[in-house]
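Undergrad: got a sequence here, can you build the structure:
(one chain, ligands or ions: 2)
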Amino acid sequence: MASRPEARFRALLWTAVIFVVVFVCLQFIRPELTNPPVTAELQAPPEVKQVLKNSCYNCHSNETKLPWFDKVVPAYWVVTSDVTEARKHLNFSEIGKLPAAQQKGFLFEAVNMIQLGAMPLPSYLRVHPGASVTPEELAVLRNYLTAPPAAEAAKPAATDVNVADVEYGKWIHESKAESTPAMNVKPEFNGVAYVPDYKNWKVISSTDRFDNHTLREVLGNDVAVKAIAENHINPWPDGTMFAKVAWAQSQPDERGVVKTGAFVQVELMIKDAKKYASTEGWGFGRWRGTDLKPYGKDASFQNECTNCHAPMAKNDYAYTMPIGGQE
Ligand code: HEC
Ligand code: HEC
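TA: Ligands and ions are numbered 1, 2, ... in the order given. Now for the predicted structure:
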């Protein structure tokens with residue numbers, strides 16, 4: 001009779017042994033993560049770099065230093081893929097070769113991301129709380145960016161900012177007239193279809209445009225506009241659609257002035273709580289370049305979207321705060 005608990009104990013022991021063996025074997029499946037040489041590090045004062053080193057360099061530089069617990073699979077797989085992706089978007093070890101104005105441009109975007117709670121990636125912060133950017137550190141970055149430039153000429157004059165705005169407005173206007181139906185745009189890998197009509201939607205928010213560096217606009221369809229008017233924006237009603245349009249900035253001219261450049265991409269968020277339940281109730285899509293190529297290799301691209309929109313969970317995953325809508 002005494003053999004029954006014993007048998008159970010043996011089964012348990014074996015399960016544990018198999019688990020450990022599998023776990024150890026998995027450790028050998030390791031994608032390579034190297035630190036290429038630092039060719040042109042960001043040029044900024046040491047106190048600015050210190051903040052970025054502490055919170056961002058692990059992913060956005062060639063000086064990745066992983067603590068031991070990041071080297072254990074499966075955490076290692078997640079971190080490796082984050083680092084690879086992050087370096088592609090922004091690599092502080094390489095942007096030092098760009099003109100000063102453009103380096104600052106990246107920092108403006110960085111501050112925006114920090115302020116919105118999108119960076120460092122929230123999933124990373126949960127495991128690495130020390131990487132969070134404190135209000136004091138944020139102030140260091142902001143002070144650096146808003147300090148008057150050494151040469152007054154480097155500051156874009158109000159008229160130049162206006163010129164950029166006018167050019168931008170012209171594009172919006174022209175693209176409305178443009179006949180896109182002829183263009184056969186493929187749906188995203190998750191099945192979300194492109195909606196050419198976004199150009200006729202209302203601009204509901206332009207994001208923090210610090211120095212006119214950020215050339216992007218958020219538009220909303222009729223359902224979104226109505227929801228804003230009635231203050232029914234949490235959750236947003238089914239049928240709500242957002243578009244975020246992004247522009248390249250032209251190379252800064254000899255005075256460091258950056259103007260609206262080519263169309264980069266349009267992103268869509270389409271609300272349908274049931275249909276898109278697995279992605280927080282939103283269908284995500286991103287189409288890049290003038291040929292509007294669906295972004296990603298397969299439907300897993302949408303993990304990037306949901307991961308980065310996660311800090312706004314309390315706001316139904318939308319970053320855009322309609323003016324007058326909240327606070
Ligand atoms: C855990 C890794 C990780 C850390 C740490 C991290 N990022 Fe990122 N970051 C990413 C990834 C991954 C992307 C690419 C996401 C995407 O657009 O698909 C990204 C993208 C960005 C982008 C570009 C977005 C775009 O549209 O091109 C900026 C700017 C940025 N991060 C700033 C920062 C700043 C500033 C910090 C530090 C305060 C930081 N990140 C920390 C992983 C990280
Ligand atoms: C690196 C972080 C990040 C990633 C990755 C990301 N977003 Fe966003 N998204 C933002 C931020 C921040 C905003 C707020 C506007 C701004 O500052 O550009 C935003 C705004 C938007 C908006 C306007 C509505 C709103 O929430 O304010 C849409 C549409 C959108 N994103 C779609 C997408 C899609 C589709 C993807 C994936 C292909 C994606 N986003 C991935 C950070 C991100």
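
Undergrad: now Pro67. Nearest residue, chain neighbours left out?
TA: Excluding the flanking residues, the one nearest Pro67 by Cβ to Cβ, 6 or more residues apart in numbering is His128, at 7.8 Å. Placement of C-beta: from N, CA and C, glycine included.

Undergrad: what about the one you found, neighbour count?
TA: For His128, the tally of surrounding residues (other Cβ atoms under 10 Å) stands at 17.

Undergrad: got it, and Val38?
TA: Neighbouring residues of Val38 were enumerated by other Cβ under 10 Å; the total is 15.

Undergrad: and the nearest residue to it once chain neighbours are set aside, how close does it get to ligand 2?
TA: Distance criterion Cβ to Cβ, 6+ apart; nearest residue to Val38, sequence neighbours excluded, is Ser93 at 4.2 Å. As judged by Cβ to the nearest ligand atom, to the nearest Å, Ser93 and ligand 2 stand 19 Å apart.

Undergrad: how about Ser93, secondary structure?
TA: Local secondary structure at Ser93 is given as coil here, using DSSP: H, G, I helix; E, B strand; the rest coil.

Undergrad: quick check on it: phi, psi?
TA: Note on Ser93: its backbone torsions stand at phi -80, psi -10 [degrees, to the nearest 10].

Undergrad: tell me the pLDDT at it?
TA: At Ser93, the pLDDT value in this model is 96.

Undergrad: ok now do it, which residues does it touch?
TA: For Ser93, the contacting residues are Pro36, Val38, Thr39, Ala40, Glu41, Leu42, Ser61, Asn62, Glu63, taking Cβ atoms under 8 Å, 6 or more residues apart in numbering as the criterion.

Undergrad: just the buried ones among these, please.
TA: Of all the contacts of Ser93 considered here, the ones buried according to neighbour count by 16 or more other Cβ atoms under 10 Å are Glu41, Leu42, Ser61, Asn62.

Undergrad: got the contact list for the biggest helix by length in the chain?
TA: The helix that spans the most residues within the chain, counting by DSSP state H, is helix 3-26. If you take Cβ under 8 Å, 6+ apart as the criterion, helix 3-26 is touched by Val73, Pro74.

Undergrad: beyond that helix, next helix or strand please.
TA: For helix 3-26, the following helix or strand on the C-terminal side (DSSP states H and E) is helix 46-55.

Undergrad: please see if stretch 95-115 touches ligand 1.
TA: Yes. When contact is scored as Cβ under 6 Å from any ligand atom, part of stretch 95-115 falls within range of ligand 1: Glu109, Ala110, Met113, Ile114.

Undergrad: quick one: secondary structure of the first one?
TA: Spelled out, that is Glu109. The three-state label for Glu109, taken from three-state DSSP, comes out as helix.

Undergrad: okay, now it: neighbour count?
TA: Counted with other Cβ under 10 Å, residues neighbouring Glu109 total 18.

Undergrad: and for the third one?
TA: Counted by other Cβ under 10 Å, the residues lying close to Met113 total 17.

Undergrad: what's the distance between it and Pro311?
TA: With distances defined as Cβ to Cβ, to the nearest Å, the gap from Met113 to Pro311 amounts to 10 Å.

Undergrad: what does the last one give?
TA: Taking Cβ to Cβ as the measure, Ile114 and Pro311 are separated by 11 Å.
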